[in-house]
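> Provided below for reference: sequence and predicted model.
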Amino acid sequence: MKIIAFRLMHSSERKKRVNKDGTGIIWVYAYQRGTNRKTQQKYFSTGVRVKPEYWNKKSCQVIKHPNALAYNSLLSRKMAALMEYQIDMINERRGEHISLNEFYERFTATGGKELSFAAFYQMIAEQRREISESTRQTQLNTLNHWRTAVGEIPFRELNYDTLDAFHQYLLGEEKELTTIDKYHRHVKTYINLAVNKGFIKSELNPYNNFKYDKGKSRPKGFLRLEELELIESMDIKSLSSEQVKARDIFLMMAFTGLRFSDAVCISPQNITKTRKGYHYSALMVKNRRRAKKEINLPLYTFFYFVDEEESRAQRWMKYCLEKYASRPRTALFEGLSNTVVNENIKVVARVAGLDKHLTCHVGRHSFGTNMAVKVPIPSLQGYMGHSKIETTMQYVNMSKKIQDDVMERIRWEK
């Protein structure tokens, strides 16, 4: 790959036309010849406008114009800035040339300023289409901590000491080790993206040698079926409409295993009534931006007790459909946010007489843990939409606590 070349060009040369007042912009024409003999071309506006008669194509200068001296000085600075930017990028890559397309994208994004890792992080985070908006905001929150800790450092200063400074800042903020690990994973993601895009050599990735204590995750909270019954049968007269809705979607997740992002999108069109009972099917929201992954749930089989007319999952789905359904494509819980539900479900737990810390995800954990007692692991993996069997095994391990508690309540007779 050859070096990028620059020269000045008037609009009359580029487009063979000028503006209504007879003036045209002077452009910096950038071109690069590749190994396949094809030439890449890009144009950078200088902001200078003059009529064609004031432009000397051979010397690439403004002539016979009252502001010729000022204009030529400005054009020289524009050219110098582009060439200097290219040199900086080549130095970043230890002498390796960059493509014109990459140069153009980066120069345009930064306005010709040196690109810091933080600026790169923000630029890429805002461009990524494969992540959800909530994930984007979480990753940008990590970026705010990064900027507070180390500032706008350039790529060449990104090293072990930088990561250690970030780590010490997080420890000083009294963050839990698992939370600190989450922040590091976010930063590591964007460093890996920088490596893929050529901003950092893979062998110079600062995380190659940086080790830290990741801590141990807290055990996942869950409710047993008898505790879910307390919430289902509770007196809701003292609850607000928002708290009732929080209870309803929480139980929906507990009986179906859906993530909040999927549960909040349930609409009548996702439910099919067959001879056997209710089925749920939809594309998982989490995977909608990547490989499309469909989840299918035979609701009529989930928590079907012999002394009951229908399964609890089907019974609760029918209850929510009757209560909230308006149009086939309108979500039953439209407008609910994870944060608001988490706040309200704590009140629900207290009124129901449960001394447990409830969140939306506890509903999903409850489904996985209670089902793991009876359902084969591969089936549970499919119902919960897990890509890895190791994730499903967490619920199998949690279900052992239910089994142990049952054994502890048995009193053997002689």
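The structure has been received and is ready for your questions.

> what's residue 51 in contact with, if anything?
Residues in contact with residue 51, defined by C-beta atoms under 8 Å, 6 or more residues apart in numbering, are 18, 22, 23, 24. In short, each C-beta sits where N, CA and C put it, glycine included.

> ugh, typo on my part, it should be residue 268
Going by C-beta under 8 Å, 6+ apart, the list of residues near residue 268 reads 321, 325, 327, 328, 329, 332.

> try residue 71
So residue 71 contacts 26, 48, 50, 62, 65 (C-beta under 8 Å, 6+ apart).

> any idea what it is structurally, helix, strand or coil?
Here residue 71 is recorded as helix under DSSP: H, G, I helix; E, B strand; the rest coil.

> got a pLDDT number for it?
Residue 71 carries a pLDDT value of 95.

> Residue 410 too?
On the pLDDT scale, residue 410 gets 45.

> What of residue 305?
On the pLDDT scale, residue 305 gets 88.

> who touches it in this structure?
residue 312.

> cool, residue 116 as well?
Going by C-beta under 8 Å, 6+ apart, residue 116 touches 152, 153, 154, 155.

> repeat that with 7 Å
152, 153, 154 (C-beta atoms under 7 Å, 6 or more residues apart in numbering).

> hmm, back to that, what about the contacts of residue 51, which one has the most neighbours?
For the contacts of residue 51, the largest number of neighbours (other C-beta atoms under 10 Å) sits with residue 24, at 22 neighbours.

> Surely that one touches residue 11?
Yes - Residue 24 is within contact range of residue 11, at 3.0 Å (criterion: C-beta atoms under 7 Å).

> Put the alpha carbons of whichever strand or helix holds residue 190 into CSV.
With secondary structure defined by DSSP states H and E, residue 190 is part of helix 177-196. Presented in CSV, the C-alpha positions along helix 177-196 are these (Å, rounded to 0.1, in the frame of the first residue of the first chain):
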residue,chain,number,x,y,z
LEU,A,177,-14.9,-6.7,42.3
THR,A,178,-17.5,-8.2,40.0
THR,A,179,-18.6,-4.7,39.0
ILE,A,180,-14.9,-3.7,38.3
ASP,A,181,-14.6,-6.8,36.2
LYS,A,182,-17.6,-5.7,34.1
TYR,A,183,-16.0,-2.3,33.5
HIS,A,184,-12.8,-4.0,32.4
ARG,A,185,-14.7,-6.3,30.0
HIS,A,186,-16.2,-3.2,28.4
VAL,A,187,-12.9,-1.5,28.0
LYS,A,188,-11.3,-4.7,26.7
THR,A,189,-14.1,-5.0,24.1
TYR,A,190,-13.1,-1.7,22.6
ILE,A,191,-9.4,-2.3,22.8
ASN,A,192,-10.0,-5.5,20.8
LEU,A,193,-12.0,-3.5,18.3
ALA,A,194,-9.1,-1.0,18.1
VAL,A,195,-6.8,-4.0,17.4
ASN,A,196,-9.1,-5.3,14.7
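
> Mind checking the pLDDT average for that helix?
Here the average pLDDT along helix 177-196 is 93.

> Can you give me the buried ones in that helix?
Across helix 177-196, burial judged by 16 or more other C-beta atoms under 10 Å covers 180, 181, 183, 184, 186, 187, 189, 190, 191, 193, 194, 195.

> Now for residue 24 and residue 11: what residues contact both?
Common neighbours of residue 24 and residue 11 (criterion: C-beta under 7 Å, 6+ apart): residue 18.

> can you give me the helices for the stretch 1-150 of the chain?
With helices called from DSSP state H, counting those that start in this stretch, the stretch 1-150 of the chain shows them at 11-14, 68-92, 100-110, 117-127, 133-150.
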